[in-house]
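Chemist: coords please:
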Amino acid sequence: MSIGKKYYLKLEDDFFQNIKVKKLRKMDRGDTYICIYLKLMFLSAKNFGLLEYQKLEATLHEELALTFDEELEDVKNTMDFLEKEGILLQTDDNEYLFEKLCDDVVTETEMARKMRDYRQRKKEKKVQISTSQLCNEDKLQCNNNVTTMLSQCNEDKLQCNNNVTTMLSQCNDDKKSDNLSVDKAEFISGLDDDISDKIIPVVPLDNRENKNGK
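Modeler: Numbering: from 1, shown residues only. Next comes the predicted model:
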């Protein structure tokens with residue numbers, strides 16, 4: 001069975017510390033007046049602060065006294081105080097309005113909307129976190145790719161340097177070999193000249209005799 005839409009009244013946590021509430025409570029029968037004040041606000045909540053006169057009794061005060069099961073004089077004194085303090089305003093239609101309650105009343109439908117908004121924000125936040133994590137993973141993968149490319153480039157550069165070093169070493173070895181061949185040829189040529197200078201020609205015996213006139 002449906003019980004209809006519910007309305008919730010938002011009271012500040014320092015409601016009983018309010019100077020006007022304290023003043024009302026200090027009056028004779030002040031506790032009763034505070035109770036009637038709350039009843040008036042709760043009754044007007046479904047109309048967002050408006051106290052409607054249903055004309056079930058001769059006056060609105062009498063109608064409210066009957067509704068609250070309170071004494072007529074207590075209801076009238078409470079409403080007079082609230083009107084004097086600017087809390088309750090009388091309208092042109094002989095009705096009364098709690099102006100501040102326009103912002104302090106929450107309906108069941110509004111509560112449901114706020115809950116949906118909360119869940120939606122929570123969902124969006126979760127999606128943002130997931131997206132952020134994915135972006136970080138992509139960024140990390142990109143950094144890994146860059147690192148791999150740099151490493152490969154360094155390896156290629158190192159290989160190139162090794163090839164150049166090998167070529168230079170081979171070139172130096174060939175040059176050294178050429179120099180060694182030249183030095184060896186020069187050494188042999190010089191050695192041949194020295195040996196040729198030191199060789200005494202061998203003259204046959206017959207030739208020597210002829211030279212001596214024998």
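Chemist: buried sites along stretch 59-66?
Modeler: 60, 61, 63, 64, 65 (16 or more other C-beta atoms under 10 Å). No exception for glycine: its C-beta is placed from N, CA and C like everyone else's.
Chemist: mean confidence score for that stretch?
Modeler: On average, the pLDDT along stretch 59-66 is 94.
Chemist: name the spans of the protein whose pLDDT lies under the cut-off.
Modeler: Low-confidence segments of the chain, defined by pLDDT under 70: 1-4, 102, 106, 108-116, 129-151, 153-214.
Chemist: got the residue ranges for the helices in this protein?
Modeler: 19-25, 30-45, 60-68, 72-84, 108-198, 205-212 (DSSP state H).
Chemist: from residue 89, how far off is residue 30?
Modeler: Taking C-beta to C-beta, to the nearest Å as the measure, residue 30 falls 22 Å from residue 89.
Chemist: do the same with residue 59
Modeler: 18 Å.
Chemist: same question for residue 53.
Modeler: Counting by C-beta to C-beta - residue 53 and residue 89 are separated by 14 Å.
Chemist: more neighbours: which of those two?
Modeler: residue 53 (16 against 13; other C-beta atoms under 10 Å).
Chemist: how close does that one get to residue 14?
Modeler: 32 Å.
Chemist: in stretch 84-93, what counts as buried?
Modeler: In stretch 84-93, counting by 16+ other C-beta under 10 Å, buried: 87, 88.
Chemist: nearest to residue 7, of the buried residues of stretch 59-66?
Modeler: For those, the residue nearest residue 7 by C-beta to C-beta is residue 64; the value is 17.9 Å.
Chemist: domain map for the protein?
Modeler: What the record gives for the chain is the domain set 7-103, 108-214, from automatic domain parsing.
Chemist: bridging residues for the residue lying closest to residue 83 once chain neighbours are set aside?
Modeler: Using C-beta to C-beta, 6 or more residues apart in numbering and skipping the chain neighbours, the partner closest in space to residue 83 is residue 90 (6.4 Å). Residue 90 forms beta bridges with residue 96, as assigned by DSSP bridges.
Chemist: list the contacts of residue 90.
Modeler: Contacts for residue 90 (C-beta atoms under 8 Å, 6 or more residues apart in numbering) come out as 83, 96, 97.
Chemist: of those, buried ones?
Modeler: Of the contacts of residue 90, these count as buried by 16+ other C-beta under 10 Å: 96, 97.
Chemist: got JSON lines for the contacts of residue 90, with distance to residue 7 too?
Modeler: Formatted as JSON lines, the contacts of residue 90 follow (distance: C-beta to C-beta, whole Å):
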{"residue": "83", "distance to residue 7": "23"}
{"residue": "96", "distance to residue 7": "17"}
{"residue": "97", "distance to residue 7": "16"}
